[in-house]
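S.K.: coordinates only, sequence not included:
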């Protein structure tokens, strides 16, 4: 048993050992499970809205609250990874995630279900920076593209496969089985890691600035809440939208100033002094807005307007997810050999064309065109993720790895929540103008009315 072993961080010139790859593989499997769960509810939303008698904007909070909690928790992970061991953080993350999965599966109402999702998000928030920081510590820079290609499978393919798995389950079972399906896998990964995972590097003393924690929570939370309130139907001049946005922006300004003055900041924003890292952060925010917004809106479009069943929706989304998984390792190898420019340019072009065509969809758009657009969209994502992550993080010195990973992960979730809220808002009035449809509760489910 290797549970109490601590290994030193290897020199970048050294070949990655089998033990190092075992550590990364364990974290990859755990991260895949927690991120898969992030979008697994999307196909089930119409069924969930009917059973719990909630609106689309309320159901949206299952996704928005998930990203909101992650945006609040992730900034603290830079501090946590300095003070706590790899095993401690891993066990805490997967333990909280497993508990949240159990609560959500047994939830008697929407409030308890939302609480379970919050617990799941807390565990997920720790796993993502932990995985990235461990890879940066163990993998030589000349091989990071290949490994980051594998990580992009976790970051991009897991959310893409969530709707497919969801469709297969909710076609004939209750939405609760979405959580009962994930629970044994999460517990199994937790037990395996508890037995075999070893610590990476050494811990060191670090102080936690509580004011920074409060400012981060108010800042990131206020921005996401404000946009989400707008997505629920509130006007941009509504106090429910303006007040959180103003408080959020002001808190983030004070938070940023404080981080630059503290000797041991909660989130070291000096990483933005590296130009390529800053550019990568901006690009990943744009990409994540598109990814998470499409992941929640496309299933709703297919089921409410095109009358797809949950199973048909899941199978429709499967080819794009499989393509991303197959392409990711090759993209990583190409990045290691030729760099990011060709990959990122091609990926961005595909993404722009696919998103533009998505804006022209109607009830008469053929399934073949829909599928081609979805595959083009996912191909663009596959070509973008590895160049963005690897190029941005490779620019940072080792002392900023944990903070750079936390910044990436935090702003991904904020961008995803904002993109989802904005597009849900734009979808709702557009649907009311184009179709003489009744309120959202009587949505047809699998060809029959509830």
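M.R.: Okay, I see it. Quantities reported herein were computed from a predicted structural model and do not represent experimental measurements.

S.K.: buried stuff in the helix or strand where residue 169 lies?
M.R.: Taking DSSP states H and E as the criterion, residue 169 maps to helix 158-170. Buried residues in helix 158-170, defined by neighbour count with 16 or more other Cβ atoms under 10 Å: 158-170. C-betas here are computed from N, CA, C, even on glycine.

S.K.: could you dump these into a markdown table with pLDDT added?
M.R.: A markdown table is the format used below for the buried residues of helix 158-170 (pLDDT from 0 to 100):
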| residue | pLDDT |
| --- | --- |
| 158 | 74 |
| 159 | 69 |
| 160 | 65 |
| 161 | 71 |
| 162 | 74 |
| 163 | 70 |
| 164 | 72 |
| 165 | 79 |
| 166 | 78 |
| 167 | 75 |
| 168 | 78 |
| 169 | 82 |
| 170 | 79 |
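
S.K.: rewinding a little: what's in contact with the helix holding residue 169?
M.R.: 31-32, 35-44, 47, 175, 177-178, 181, 291-292, 295, 299, 309-315, 317-318, 320-321, 324, 378 (Cβ atoms under 8 Å, 6 or more residues apart in numbering).

S.K.: repeat the analysis, applying 7 Å as the threshold.
M.R.: 32, 35-36, 38-44, 47, 177-178, 181, 291, 295, 299, 310-311, 313-315, 317-318, 320-321, 324, 378 (Cβ atoms under 7 Å, 6 or more residues apart in numbering).

S.K.: are any of the residues you listed buried, and which?
M.R.: Using 16+ other Cβ under 10 Å as the threshold, 32, 35-36, 38-44, 47, 177-178, 181, 291, 295, 299, 310-311, 313-315, 317-318, 320-321, 324, 378 are the buried ones among the contacts of helix 158-170.

S.K.: can you name the next helix or strand after the helix holding residue 169?
M.R.: helix 177-196.

S.K.: okay, the angle between that following helix and helix 158-170?
M.R.: On the basis of axes from the mean of the first three to the mean of the last three Cα atoms, to 10 degrees, helix 177-196 is oriented at 130 degrees to helix 158-170.

S.K.: which elements pack onto helix 177-196?
M.R.: helix 18-39, helix 86-105, helix 158-170 (3 or more Cβ pairs under 7 Å, 6 or more residues apart in numbering; DSSP states H and E).

S.K.: the same query, at a cut-off of 10 Å, please.
M.R.: Here helix 177-196 touches helix 18-39, helix 86-105, helix 110-138, helix 158-170, going by 3 or more Cβ pairs under 10 Å, 6 or more residues apart in numbering; DSSP states H and E.

S.K.: separation between the nearest residue to residue 306 once chain neighbours are set aside and residue 309?
M.R.: Spatial nearest neighbour of residue 306, excluding adjacent residues (Cβ to Cβ, 6 or more residues apart in numbering): residue 363 at 6.9 Å. From residue 363 across to residue 309, the span is 17 Å (Cβ to Cβ, to the nearest Å).

S.K.: same question for residue 316.
M.R.: Counting by Cβ to Cβ, the gap from residue 316 to residue 309 is 10 Å.

S.K.: tell me which of residue 363 and residue 309 has more neighbours.
M.R.: residue 309 (18 against 10; other Cβ atoms under 10 Å).

S.K.: adding distance to residue 243, write the buried residues of helix 158-170 out as TSV.
M.R.: Conversion of the buried residues of helix 158-170 to TSV gives the following (distance: Cβ to Cβ, whole Å):
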residue	distance to residue 243
158	35
159	31
160	36
161	38
162	33
163	34
164	39
165	38
166	35
167	39
168	42
169	39
170	37
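
S.K.: domains in the chain, by residue range?
M.R.: 9-207+270-421, 209-265 (automatic domain parsing).

S.K.: looking at those domains, which is buried most?
M.R.: Of all the domains of the chain, domain 9-207+270-421 has the most neighbours on average by mean count of other Cβ atoms under 10 Å, namely a mean of 20.

S.K.: OK, contacts around residue 361?
M.R.: Contacts for residue 361 (Cβ atoms under 10 Å, 6 or more residues apart in numbering) come out as 298, 301, 305, 306, 369, 370, 373.

S.K.: tell me the confidence at the first one?
M.R.: Meaning residue 298. The model reports residue 298 with a pLDDT of 81.

S.K.: right, and it touches residue 292 too?
M.R.: No. Counting by Cβ atoms under 10 Å, residue 292 is not a contact partner of residue 298; they are 11.0 Å apart.

S.K.: before we move on, the earlier item: next, show the common contact partners of residue 316 and residue 309.
M.R.: With Cβ under 10 Å, 6+ apart as the test, residue 316 and residue 309 both reach 43, 167, 302.

S.K.: can you put these in JSON lines and add distance to residue 131?
M.R.: Formatted as JSON lines, the shared contacts of residue 316 and residue 309 follow (distance: Cβ to Cβ, whole Å):
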{"residue": "43", "distance to residue 131": "26"}
{"residue": "167", "distance to residue 131": "27"}
{"residue": "302", "distance to residue 131": "31"}
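
S.K.: could you report the separation of residue 30 from residue 270?
M.R.: 30 Å.

S.K.: one more: residue 200?
M.R.: Distance from residue 200 to residue 270, by Cβ to Cβ: 23 Å.

S.K.: likewise residue 182?
M.R.: In terms of Cβ to Cβ, residue 182 sits 38 Å off from residue 270.

S.K.: and if you look at residue 75?
M.R.: 15 Å.

S.K.: re earlier: does the residue nearest to residue 306 belong to a helix, a strand or coil?
M.R.: Following DSSP: H, G, I helix; E, B strand; the rest coil, we place residue 363 in the coil state.

S.K.: begin at 6, not 1, for the rest of this chat.
M.R.: All right, first residue 6 from here; so that's residue 368.
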